[in-house]
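Chemist: Just the structure for this:
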Amino acid sequence: MPLSEHEQRLFEQIERSLAEDPKFASAVRASDPRFHARRRLLVAAGVVIVGLALLVYGAVIKTPPLAVAGFVVMLAALGYAVQSQRRAQSPDLHVVGGTTSRRRPRGRSGRRSSFLDRLEDRWRQRPEGHR
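Modeler: You can find the predicted model right below:
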């Protein structure tokens with residue numbers, strides 16, 4: 001359903017005021033889940049490099065426990081990176097009041113359609129004077 005001219009003007013006005021507010025922009029950037037996911041991926045990459053160094057060092061000095069520890073560290077860091085990437089791509093990750101939260105993954109598609117159905121019902125049942 002397209003917006004009326006009045007709603008479009010209000011939307012553009014809100015958009016301009018939000019774009020001009022540097023405090024708001026920095027708060028949104030700081031609470032952006034993608035920002036945190038990128039940081040977690042960089043940390044995981046650094047830990048993978050440390051694990052690889054331990055693996056190689058353990059192999060060079062012929063200390064199998066150190067080499068195995070390096071491999072385990074690498075494996076754990078890769079698991080952490082994959083988990084972070086999945087969490088970043090999850091559709092139910094959202095920002096509310098500067099904090100991120102994740103809904104339970106039961107019945108995502110059914111849950112989403114029922115949520116949209118409720119929103120559409122609310123829109124249809126709103127008072128006529130509020131358009």
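Chemist: any idea which helix or strand carries residue 123?
Modeler: Taking DSSP states H and E as the definition, residue 123 sits inside helix 108-125.
Chemist: Equivalent analysis for residue 85, please.
Modeler: For residue 85, the host element (DSSP H and E) is helix 64-89.
Chemist: ok, and for that helix, which residues are buried?
Modeler: Buried positions in helix 64-89, judged by neighbour count with 16 or more other CB atoms under 10 Å: 66, 67, 70, 73, 74, 77, 80, 81, 84, 88. Every C-beta, even on glycine, is put in place using the N, C-alpha and C of the backbone.
Chemist: Identify, from those, the entry nearest to residue 21.
Modeler: Proximity of the buried residues of helix 64-89 to residue 21, judged by CB to CB, is greatest for residue 88, which lies at 25.8 Å.
Chemist: And the closest one, how close does it get to residue 26?
Modeler: 20 Å (CB to CB, to the nearest Å).
Chemist: try residue 89
Modeler: The separation that residue 89 has from residue 26, given CB to CB, amounts to 25 Å.
Chemist: Listing request: residues of this structure with sub-threshold pLDDT.
Modeler: For the chain, the stretches with pLDDT under 70 are 1, 25, 28-32, 90-113, 129-131.
Chemist: try 50 this time
Modeler: 93-105, 107-108, 110 (pLDDT under 50).
Chemist: Against which helices or strands is the biggest helix by length in it packed?
Modeler: As assigned by DSSP state H, the longest helix anywhere in the chain is helix 33-60. If you count contacts as 3 or more CB pairs under 8 Å, 6 or more residues apart in numbering; DSSP states H and E, helix 33-60 packs onto helix 64-89, strand 93-96.
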